[in-house]
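Asker: Fold the following and give me the result.
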Amino acid sequence: MGELKKDSPMARTMIRCRTLLLIAVIGLPAACARGGGPGLPTAALDKAIGNAIGDPTTCVIIADRTTRKTLYTYGQAFNCERGMPACDRAGAMSAKGALALADTAGGRHASCPSNADASRNVGWAEGRVRSKKSDWIYSAVMEGDRALPGEEMASRLADAFQTVGL
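Answerer: Numbers count the residues shown, from 1 in each chain. Below is the predicted model:
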């Protein structure tokens, strides 16, 4: 095979590919970055939630209780927006839609199979973030063959929120 000339079409194509790859790798953290509301330690939350219930199929949303405005999101948008079996009621819901259930007394903790053969499960946890700083609610969902039950997710999230000082 001959030597690749610096200004050949193949060399230019390789340079463009390398440049695009570099841009993608550098830009990836920014694409996954989550906004943090006032008083929310985003990096600390990412780490605490990751340690407590982190999984590629996890979504946690923290929102203002009064306005329902999302202040923080853990996980990919896909996992927060996709409809999953609600478990304790008919139909499917998304983590964002489940925020409406976070205000119920004691919150909501539910789990059930997420597919017909019961090889995968979905776990739900919604409730209030016990914070002296503000009045927040959260919604969390995890789906897969290793998804935690809702009650376990709620317990671990309460510990994670406490760890970061919420």
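
Asker: How about residue 88: what's its closest non-neighbour residue?
Answerer: residue 110 (4.3 Å; CB to CB, 6 or more residues apart in numbering). Where you see a C-beta, it was placed from the backbone N, CA and C, and this is true even at glycine.

Asker: Report the contact partners of the one you found.
Answerer: 86, 87, 88, 123, 124, 150 (CB atoms under 8 Å, 6 or more residues apart in numbering).

Asker: now swap in residue 102 and tell me
Answerer: Listed by CB under 8 Å, 6+ apart, the contact set of residue 102 reads 63, 65, 108, 126, 127, 128, 137, 138, 139.

Asker: gap between the second one and residue 52?
Answerer: As defined by CB to CB, to the nearest Å, residue 65 lies at a distance of 22 Å from residue 52.

Asker: What of the fourth one?
Answerer: Look at residue 126 and residue 52: by CB to CB, they are 16 Å apart.

Asker: Could you do residue 73 as well?
Answerer: Separation of residue 73 from residue 52 (CB to CB): 16 Å.

Asker: Now do the end-to-end distance for stretch 89-96.
Answerer: Start-to-end span of stretch 89-96 (CA to CA, to the nearest Å) is 16 Å.

Asker: all helices of this structure, in order?
Answerer: Per DSSP state H, the chain has helices spanning 9-32, 42-53, 77-81, 95-98, 150-163. These are given in chain order.

Asker: For the second one, name the packing helices and strands.
Answerer: Applying 3 or more CB pairs under 8 Å, 6 or more residues apart in numbering; DSSP states H and E, one finds that helix 42-53 contacts strand 58-64, strand 70-74, helix 150-163.

Asker: now with 10 Å?
Answerer: Using 3 or more CB pairs under 10 Å, 6 or more residues apart in numbering; DSSP states H and E as the contact test, the elements touching helix 42-53 are strand 58-64, strand 70-74, strand 136-144, helix 150-163.

Asker: now do the third one
Answerer: Counting contacts by 3+ CB pairs under 10 Å, 6+ apart, helix 77-81 is packed against strand 58-64, strand 70-74, helix 95-98, strand 136-144.

Asker: Quick one: residues in contact with it.
Answerer: By CB atoms under 10 Å, 6 or more residues apart in numbering, the residues outside helix 77-81 that reach it are 32, 55-61, 70, 73-74, 94-98, 139-143.

Asker: Got a quick ChimeraX command for the buried subset of these?
Answerer: The following ChimeraX line selects those of the contacts of helix 77-81 that are buried, judged by 16 or more other CB atoms under 10 Å:
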select :57,58,59,60,61,70,73,74,94,95,96,98,139,140,141,142,143
